[in-house]
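J.: After the sequence you'll find the predicted model.
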2 protein chains.
Amino acid sequence: MNVTAALKPQDALAAHLEADMEAVNILIRARMASKHAPRIPEVTAHLVEAGGKRLRPMLTLAAARLCGYQGADHVKLAATVEFIHTATLLHDDVVDESTQRRGRPTANLLWDNKSSVLVGDYLFARSFQLMVETGSLRVLDILANASATIAEGEVLQLTAAQDLKTDEGIYLQVVRGKTAALFSAATEAGGVIAGASEDQVKALFDYGDALGIAFQIADDLLDYSGTAAAIGKNVGDDFRERKVTLPVIKAVAAASEAERAFWVRVIEKGEQHDGDLEQALRLLTTSGALEAARQDAFGWAAKARASLGALPDHPLRGILSDLADYVVSRLN
Amino acid sequence: MNVTAALKPQDALAAHLEADMEAVNILIRARMASKHAPRIPEVTAHLVEAGGKRLRPMLTLAAARLCGYQGADHVKLAATVEFIHTATLLHDDVVDESTQRRGRPTANLLWDNKSSVLVGDYLFARSFQLMVETGSLRVLDILANASATIAEGEVLQLTAAQDLKTDEGIYLQVVRGKTAALFSAATEAGGVIAGASEDQVKALFDYGDALGIAFQIADDLLDYSGTAAAIGKNVGDDFRERKVTLPVIKAVAAASEAERAFWVRVIEKGEQHDGDLEQALRLLTTSGALEAARQDAFGWAAKARASLGALPDHPLRGILSDLADYVVSRLN
């Protein structure tokens, strides 16, 4: 009997990669130190030790191990990926003026925006030093491109939010920036460091990309159809923040003139009254937008699973396949 | 007669490097574009085309040419250095809540803090892509380390400002982060890309480091002893912002008990009244702090000049030597 069979896929990953993740955690703690500026480890520890799932570094480790890697550089890459993720969270919380993250007050609230901006910059620089240590120009190229896609997606989101002209193409670009670019860089870099074949490297990229997109579409759907307990935030937050996510894009594309006027008022003009969230939910349901977005999420999860076919037979491959199912299982 | 003899050193540099700088400007314009997010080139152009002196990219080009470089990668490195500089300016203006830069409204004022944070991140990522294109791991290592020193120095400045325990060692660390780390990375990377000898690479690092420190000490001195016309800001700005710079550190170290109480009140407690700036200037003068800091600046300029001895005889070497004199000539 498989001891990990009863575990959630991310817990099964953590169990399989326990020794590697321990090395990653030691490296993260060592590299977030600063001889001169104690504010840096204070801010970083607040976020890094808040108990995130560490999904991104586990994807790098899993990709490398799945391709038979026996070296130690995948640990550096995994820490790199977690530092990039932590840096983007620090900057995101400043940009979104957030006050809560992972159930705790954000760094920008506990310290100030200045500390979040500068400590984020420091973590980017530290991630950069770590990846240089691997000596792989190809890995550096992957992570440089991912960094540009992330930042571009974030800027695009600034201008695309609250704009009903945002279409599915722009949405996908934003989603790649927010989520999928770092997932795909994490898996692709793991394959490259392991010396995997081009087919396998491409499969790992495709897996991370599709997994990230499925994950983000599910997140955006749950904002309208989940429960507060399941999603860790309030239903309708995106609506109140006037974010143009996939369900809204699909509903607007199918809207009558009167329905369109509703969306213009609540999203573009931001004039929201009692009952508007309920009306939005009705339109999202009757137009078929929620169901269509749900099918898209399942489609991306299937694409992620299918990409794994090019990879070696390995217990980790099964766990990654389960993970793709799991990110959309919240939609059932 | 040398045609550049009558020019300021940075103008002589620009004249010598005109064709290279034209290539750098073309590359900067091409790489600050974004297919998807027009906000990015808007914000970047506002800053990049505001007519900065482009001293840092010229240092990279000069270092490479001085060491006989005939390739084209120094142009990529120079653009990299300018992108890193622009990114730090965008983030600095958010951190300092600045409203003016180079005589124009700052990006955070014209757009918002969000755009400045995210476009800064984008420029960091673009700089990272550019340097990966050079294919030199050693250059990547130099620039990764410089990025970490810059960010660490900025965080250190957050906590060291307004704190009279800040000593000359911490001040130097902050100054390296603010100014000297990018100067020394600019010159060192230029030498490395040119395939210069280890002695020459070390000399180029030392030149950039000492030049940057001389430049920043001069800046900090002029805040107390310059004229508004000469320094482009108001005399006493650092005093009003309670920044602990080198003149204040030296005056505090030599202070009587009553004088120390004055510094605690105006800098640490921030209780400033009419006449306090004049009293500060009296203490800075009578304690010899201004003169001692001035001697330090000249000492660093001399160190910069002396480092050039290890480099090939070349017209650019003479200009770099003049530049070291020039950055402290404002103190005469």
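T.: Good, I have the coordinates.
J.: Pull the residues that contact stretch A:75-85.
T.: For stretch A:75-85, the external contacting residues (CB atoms under 8 Å, 6 or more residues apart in numbering or on different chains) are A:20-21, A:23-24, A:27-28, A:31-32, A:48, A:54, A:56-61, A:64, A:123-124, A:126-127, A:130-131, A:133-134, A:139, A:143, A:146-147, A:150, A:182, A:185-186, A:189-190, A:193. C-beta: built from backbone N, CA, C; applies to glycine.
J.: Show me which of the residues you listed are buried.
T.: With burial judged by 16 or more other CB atoms under 10 Å in any protein chain shown, the buried subset of the contacts of stretch A:75-85 is A:20-21, A:23-24, A:27-28, A:31-32, A:48, A:54, A:56-61, A:64, A:123-124, A:126-127, A:130-131, A:134, A:139, A:143, A:146-147, A:150, A:182, A:185-186, A:189-190, A:193.
J.: Surely A:A107 touches A:A45?
T.: No: taking CB atoms under 8 Å as the definition, A:A107 is not a contact partner of A:A45, at 10.1 Å.
J.: ok, these two, which is more surrounded?
T.: Comparing A:A107 with A:A45 by other CB atoms under 10 Å in any protein chain shown, the one with more neighbours is A:A107, at 25 against 14.
J.: And that one, its phi and psi?
T.: Dihedral angles phi and psi of A:A107 (degrees, to the nearest 10) take the values phi -60, psi -40.
J.: next one: A:T245
T.: Here the main-chain torsion angles of A:T245 (degrees, to the nearest 10) amount to phi -100, psi 180.
J.: Next up, the contacts around it.
T.: Contacts here follow CB under 8 Å, 6+ apart; on that basis A:T245 touches A:Y171, A:D220, A:D223, A:D238.
J.: So which of these belong to helices?
T.: Using DSSP state H, the members of the contacts of A:T245 that fall within helices are A:Y171, A:D220, A:D223, A:D238.
J.: any idea which of those residues has the most stuff around it?
T.: Comparing the ones in helices among the contacts of A:T245 on neighbour count, A:Y171 comes out first with 23 neighbours (neighbours: other CB under 10 Å).
J.: Could you list the residues of the stretch 151-300 of chain A in contact with chain B?
T.: Contact residues (CB under 8 Å from any CB of the partner chain) of the stretch 151-300 of chain A with chain B: A:A151, A:E152, A:E154, A:V155, A:L156, A:L158, A:T159, A:I170, A:Q173.
J.: ok, 6 Å please
T.: Applying CB under 6 Å from any CB of the partner chain, one finds that the stretch 151-300 of chain A approaches chain B through A:A151, A:E152, A:E154, A:V155, A:L156, A:L158, A:T159, A:Q173.
J.: Among these, show me the least confident.
T.: The lowest pLDDT within those belongs to A:T159, which sits at 81.
J.: from what I can see that one touches B:R39, true?
T.: Yes: contact status for A:T159 versus B:R39: in contact at 5.4 Å, counting by CB atoms under 6 Å.
J.: More neighbours: the two, which one.
T.: Taking neighbours as other CB under 10 Å, A:T159 and B:R39 compare with B:R39 leading, 20 against 17.
J.: For the more buried one, give me its contacts.
T.: Shown in contact with B:R39 (CB atoms under 6 Å, 6 or more residues apart in numbering or on different chains): A:V155, A:T159, B:S115.
J.: Now do the helix or strand where the second one lies: distance to the chain's middle.
T.: Secondary-structure element containing A:T159, defined by DSSP states H and E: helix A:137-160. Helix A:137-160 has its average C-alpha position 13 Å from the chain's average C-alpha position, going by CA atoms, centre = their mean, to the nearest Å.
J.: Identify each buried residue in it, please.
T.: Within helix A:137-160, the residues that qualify as buried are A:137, A:139-160, counting by 16+ other CB under 10 Å.
J.: Please name the nearest non-neighbouring residue to A:L290.
T.: A:L284 (4.9 Å; CB to CB, 6 or more residues apart in numbering or on different chains).
J.: residues near that neighbour, how many?
T.: With other CB under 10 Å as criterion, A:L284 counts 22.
J.: How far off centre is the helix or strand containing it?
T.: Element membership for A:L284 (DSSP H and E) is helix A:276-286. Relative to the centre of its chain, helix A:276-286 is centred 27 Å away, using CA atoms, centre = their mean.
J.: same check, this time on stretch A:132-146
T.: Between the mean C-alpha position of stretch A:132-146 and that of its chain there is a distance of 20 Å (CA atoms, centre = their mean).
J.: That stretch close to chain B?
T.: Yes: remark: stretch A:132-146 sits within contact range of chain B at A:V132, A:L140, A:D141, A:A144, by CB under 6 Å from any CB.
J.: and of the residues you listed, the nearest to B:D206?
T.: Proximity of the residues of stretch A:132-146 next to chain B to B:D206 (CB to CB) peaks at A:V132, which lies at 22.6 Å.
J.: And that closest one, how far from B:E152?
T.: Between A:V132 and B:E152 the computed distance is 17 Å (CB to CB, to the nearest Å).
J.: do A:A196 as well
T.: Applying CB to CB, the value for A:A196 to B:E152 is 36 Å.
J.: so where do the helices sit in the stretch 1-150 of chain A?
T.: For the stretch 1-150 of chain A, the helices identified by DSSP state H, counting those that start in this stretch occupy A:9-16, A:18-31, A:39-48, A:55-66, A:73-95, A:107-110, A:113-133, A:137-160, in order along the chain.
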